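Student: please find the sequence and the predicted model below.
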Amino acid sequence: MTFFRKDEQLEKIGTQILEATWTEFPNLARNQIALTWIVYDPPVPVNTGGALSAEEFWKYQVRGFSYRSLERIYPANIVKLFYLVAVQEWLENDMIAPSTELERAMRNMIVNSSDDATSLIIDILSGTTSGSELPPGPFETWKFQRQIVNRYFQSLGWSELESINVNQKTWKDGPYGRERAFMGELMENRNMLTTDATARLLHSIVGGVAVSSVRSQGMMNLIKRSLNPTDSINAQENQLAGFLGAALPQDAQLWSQAAWTPQIRHEAAYIELPSQPPYLLVVFTESSFLEAGVC
């Protein structure tokens, strides 16, 4: 059972938007896009500063629309949202110690989408490090440790998370050594997400119930995006150019995480507009050909 209910009005609008998209972009095949769209009707249960308990929050069954939302798709930098939540969970339960360097890495992972910062975060979460290939015994131990983030998300019991894989670092050139071996000969162990899984995670963050209300607010602060492209030297690094934020008016508010490679362009966003219900939108798009080694 999904965390949102299908809605006839959103179904009609969502279908019209998809048809308009395929008309505008005829090279985008119908199996190259997936999305989950949630609309928050009054009384809005999200972005309340943690006013609702988790028990109360999950009683709200919000309206939604989805298309291919259970398809497993390579997420690129969208996975960093999951690592951000995991770090907050580890900190909340004293599994790792807070530090200035950890805070810097978390910020750079999300605000600047840094792969180097993400590498450190995964090392801290799992107690593993990258390096040369390992003998079979130590490698089995290493692999078990690297599955810890997957085990955490499976422990939440959300049906949307059953098929995901979040155990890999993000790379520009590709993995080497033990990281390449861990990826699998055919890259079968790549990170994989669905738009429903991503939407539920973001829904929990904006709802103030991811880990705790205080930690959810801290995560909201990190994913808040300025709609002024001059606030960043590189507009794409600010995750605006070519993404949802580029089309929003200046009086809107945007919280998001974007991802882009030559093969994919994804975004997970929570948006507030004046005089309109706030909404959450996760869109994954991909090309027909994925280059081996891009992960």
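Tutor: Alright, I've got the coordinates. Not measured: the values here are computed from a predicted model. Residues are numbered from 1 along each chain as shown.
Student: from memory Pro175 sits against Gly184, does it?
Tutor: No. Taking contacts as CB atoms under 8 Å, Pro175 lies outside contact range of Gly184: 10.5 Å. For the C-beta atoms, the positions are set from N, CA and C on the backbone; glycine is no exception.
Student: which of these two has more neighbours?
Tutor: The neighbour comparison of Pro175 against Gly184 (other CB atoms under 10 Å) goes to Pro175, with 19 against 10.
Student: for that one, what are phi and psi?
Tutor: phi -80, psi 160 (degrees, to the nearest 10).
Student: excluding covalently adjacent residues, which one is nearest to it?
Tutor: For Pro175, ignoring the flanking residues on the chain, the nearest one in space by CB to CB, 6 or more residues apart in numbering is Met183 at 5.4 Å.
Student: and that neighbour, how far from Gly50?
Tutor: 38 Å (CB to CB, to the nearest Å).
Student: of these two, who's got more company?
Tutor: Neighbour tally, Met183 and Gly50, criterion other CB under 10 Å: the higher count belongs to Met183, 22 against 17.
Student: from what I can see that one touches Trp171, true?
Tutor: No. Shown here, Met183 and Trp171 do not form a contact pair, counting by CB under 8 Å, at 9.6 Å.
Student: the helices in the protein, which residues?
Tutor: 8-24, 54-57, 79-92, 100-111, 115-126, 136-146, 148-155, 178-183, 195-206, 213-223 (DSSP state H).
Student: please give me every residue in contact with Arg265.
Tutor: With contact set as CB atoms under 8 Å, 6 or more residues apart in numbering, Arg265 has these partners: Gly242, Phe243, Ala258, Ala259, Thr285.
Student: that one pairs with what?
Tutor: Under the criterion DSSP bridges, Arg265 forms beta bridges with Trp260, Thr285.
Student: which stretches of the stretch 51-200 of the chain have low pLDDT?
Tutor: Within the stretch 51-200 of the chain, no stretch has pLDDT under 70.
Student: next, the buried residues of stretch 121-139.
Tutor: The neighbour-count check on stretch 121-139 (16 or more other CB atoms under 10 Å) flags Ile121, Ile122, Ile124, Leu125, Ser126, Thr128, Leu134 as buried.
Student: the second one touches Lys80, doesn't it?
Tutor: By that I understand Ile122. No. At 10.1 Å, Ile122 does not count as touching Lys80 under the criterion of CB under 8 Å.
Student: quickly list what's touching both of those two.
Tutor: With CB under 8 Å, 6+ apart, Ile122 and Lys80 have no common neighbours.
Student: what number of residues lie near Ile96?
Tutor: With other CB under 10 Å as criterion, Ile96 counts 14.
Student: any idea how far it lies from Phe82?
Tutor: Distance from Ile96 to Phe82, by CB to CB: 16 Å.
Student: re the thing from before, how about CSV for the helices of the chain, with distance to Gln250 added?
Tutor: Shown next, in CSV, are the helices of the chain (distance: least, CB to CB, whole Å):
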stretch, distance to Gln250
helix 8-24, 23
helix 54-57, 30
helix 79-92, 25
helix 100-111, 20
helix 115-126, 29
helix 136-146, 43
helix 148-155, 36
helix 178-183, 42
helix 195-206, 21
helix 213-223, 19
